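Novice: any chance you can model this:
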Amino acid sequence: MQTRSTLKKKCPRRQPLPPGQRLILYLSFACALAFAQVCLWPSGKHPGWNQAQGITRVQPVMLKQPFELQDELKELAAKIKLAADKPRLHAGVFVVEPALGRFVDVDGQQAFPAASMIKLPVFVRLLAALDRQEVRLDQRLVIRADLIGGGSGYLQWRPAGTKISLKETAELMMIVSDNTATNMIIDLLGGKEAFNKDFADWGLEKTRINEWLPDLEGTNKTSPYDLAFLLGKVEQGELICRATRDYMYSVLERTKTRTLLPMGLPPGTKIAHKTGDIGRLVGDGGIVTAACGKRYIVVVQVERPFNDRRANLLIRQLSRDIYASVTGDSSHLPALAQAQKPRCYPHHRRHQRRS
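Specialist: Got it, this is the predicted structure:
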């Protein structure tokens with residue numbers, strides 16, 4: 001009969017591998033497992049796929065630069081500067097064609113009052129939280145009295161305590177620029193400082209929420225470059241997954257205010273965009289897809305005397321000029337109204353537009 005000591009002599013204990021060899025072994029095993037998972041999951045489906053919402057839950061890979069700025073469109077920049085050279089107007093413009101690296105930057109990296117354009121990075125942060133399964137589109141939010149904001153939107157007229165789905169809240173924020181909906185989403189996701197931290201982490205150097213909406217004084221800030229940079233990250237599949245990005249674009253294409261950038265585009269052109277309008281600033285920014293397939297990002301912000309409509313006309317004209325330069329096609333561009341003599345507006349908040 002063999003004793004335990006006899007067995008130990010016949011079957012000596014295996015000596016452990018050196019630390020370096022163990023690390024190589026573990027890394028090889030992890031790579032093999034990852035490869036097997038990619039091969040075995042059906043196309044477009046993985047453990048994070050949500051059938052009900054049709055959105056893939058992934059943690060996106062962060063990249064440093066969403067587009068390369070290789071070819072400055074100097075003639076277009078000169079044309080923009082000439083058009084924007086109007087008394088008491090200050091325009092910031094950033095345009096980039098990500099596929100080719102062609103771009104224009106006219107004061108585009110300066111900070112401007114954000115107005116309702118701040119809702120674009122707010123929306124992206126909400127969608128990123130959706131991808132991480134921190135929130136659900138079908139969850140119910142409560143309209144609180146302290147979150148009701150005047151100006152644009154419908155929710156300010158609903159009684160405090162009313163419940164509304166997150167999906168409806170988000171779409172009201174973007175499509176009709178609802179200020180109350182925006183405040184509800186900022187509150188849901190941790191408040192202003194939580195948003196500002198993520199904006200900084202994303203590389204948005206001039207974008208910051210300082211005040212709840214409607215922020216008539218323009219204390220919330222952003223820049224044309226920041227918003228173009230953000231849209232570039234989304235376009236490249238960063239920050240949010242591609243299925244969520246498609247949902248985002250479908251919402252932005254339904255923006256109700258069509259009196260700024262869209263007015264300078266020919267029929268058949270698609271634009272997914274967000275506007276902003278307070279007494280001292282008007283702006284618009286988004287992704288334009290021409291009928292020929294050309295695709296570019298454009299953001300324009302114009303500081304102005306109180307409600308000066310020359311700023312609105314300028315954005316329309318710049319949109320027209322930018323489209324013609326980027327696409328090389330000016331044959332079907334809409335005719336624009338000529339700028340009129342500036343009007344005097346009463347300096348009273350009830351006359352301010354917020355969108």
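
Novice: how about the strands in the stretch 1-150 of the chain?
Specialist: 49-50, 55-56, 71-72, 90-97, 102-106, 112-113, 140-142 (DSSP state E, counting those that start in this stretch).

Novice: dump those into TSV; add mean neighbour count, mean pLDDT and distance to residue 165 as well.
Specialist: Heads up, the C-betas are built off the backbone N, CA and C, glycines and all. Converted to TSV, those look like this (neighbours: other C-beta atoms under 10 Å; pLDDT from 0 to 100; distance: least, C-beta to C-beta, whole Å):
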stretch	mean neighbour count	mean pLDDT	distance to residue 165
strand 49-50	16	41	15
strand 55-56	20	44	15
strand 71-72	12	96	45
strand 90-97	24	98	35
strand 102-106	22	98	39
strand 112-113	24	98	31
strand 140-142	15	98	6
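
Novice: please identify which of those is closest to residue 208.
Specialist: Among those, the nearest to residue 208 by C-beta to C-beta is strand 112-113 (11.3 Å).

Novice: list the neighbouring strands of that closest one plus their orientation.
Specialist: strand 221-222 (antiparallel) (DSSP bridges).

Novice: which secondary structure elements does the helix or strand following the partner strand sit against?
Specialist: The C-terminal neighbour of strand 221-222 among helices and strands, as given by DSSP states H and E, is helix 224-235. The contact analysis (3 or more C-beta pairs under 8 Å, 6 or more residues apart in numbering; DSSP states H and E) places helix 224-235 against strand 90-97, helix 119-131, helix 242-252, strand 281-289, strand 295-303.

Novice: helix 224-235 to strand 295-303, inter-axis angle?
Specialist: Put simply, helix 224-235 runs at 150 degrees to strand 295-303, going by axes from the mean of the first three to the mean of the last three C-alpha atoms, to 10 degrees.

Novice: and helix 224-235, average pLDDT?
Specialist: For helix 224-235, mean pLDDT rounds to 98.

Novice: with only the CA atoms kept, save that helix in PDB.
Specialist: The C-alpha coordinates for helix 224-235 follow below in PDB (Å, rounded to 0.1, in the frame of the first residue of the first chain):
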ATOM      1  CA  PRO A 224     -18.100  77.200 -32.200                       C
ATOM      2  CA  TYR A 225     -15.000  75.000 -32.100                       C
ATOM      3  CA  ASP A 226     -16.100  73.200 -29.000                       C
ATOM      4  CA  LEU A 227     -19.500  72.300 -30.500                       C
ATOM      5  CA  ALA A 228     -17.900  71.200 -33.800                       C
ATOM      6  CA  PHE A 229     -15.300  69.200 -31.800                       C
ATOM      7  CA  LEU A 230     -18.200  67.500 -29.900                       C
ATOM      8  CA  LEU A 231     -20.100  66.700 -33.100                       C
ATOM      9  CA  GLY A 232     -16.800  65.400 -34.600                       C
ATOM     10  CA  LYS A 233     -16.400  63.000 -31.700                       C
ATOM     11  CA  VAL A 234     -20.000  61.800 -32.100                       C
ATOM     12  CA  GLU A 235     -19.600  61.400 -35.900                       C
END
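
Novice: can you give me how far it is from the chain middle?
Specialist: 7 Å (C-alpha atoms, centre = their mean, to the nearest Å).

Novice: how is residue 316 assigned, secondary-structure-wise?
Specialist: Under DSSP: H, G, I helix; E, B strand; the rest coil, residue 316 falls in the helix class.

Novice: for residue 167, see how far away it is.
Specialist: Using C-beta to C-beta, to the nearest Å, we find residue 316 at a distance of 32 Å from residue 167.

Novice: same check on residue 331?
Specialist: 40 Å.

Novice: ok, back up a step: between residue 316 and residue 167, which has more neighbouring residues?
Specialist: Using other C-beta atoms under 10 Å, the more surrounded residue of residue 316 and residue 167 is residue 316, with 21 against 16.

Novice: check the more buried one and give its pLDDT.
Specialist: 98.

Novice: do the one 10 residues further on as well
Specialist: Taken from the predicted model, the pLDDT recorded for residue 326 is 96.

Novice: next one: residue 310
Specialist: 98.

Novice: that one reaches residue 89, doesn't it?
Specialist: Yes - under the criterion of C-beta atoms under 8 Å, residue 310 makes contact with residue 89 at 6.2 Å.

Novice: what is in contact with those two at once?
Specialist: residue 304 (C-beta atoms under 8 Å, 6 or more residues apart in numbering).

Novice: okay, now the unreliable bits of the stretch 1-150 of the chain?
Specialist: 1-64 (pLDDT under 70).

Novice: any chance you could map the helices in it?
Specialist: 4-10, 19-40, 74-84, 119-131 (DSSP state H, counting those that start in this stretch).

Novice: quick one, what contacts the residue lying closest to residue 273 once chain neighbours are set aside?
Specialist: Using C-beta to C-beta, 6 or more residues apart in numbering and skipping the chain neighbours, the partner closest in space to residue 273 is residue 286 (2.6 Å). Contact partners of residue 286, counting by C-beta under 8 Å, 6+ apart, are 231, 252, 261, 271-274, 297-299.
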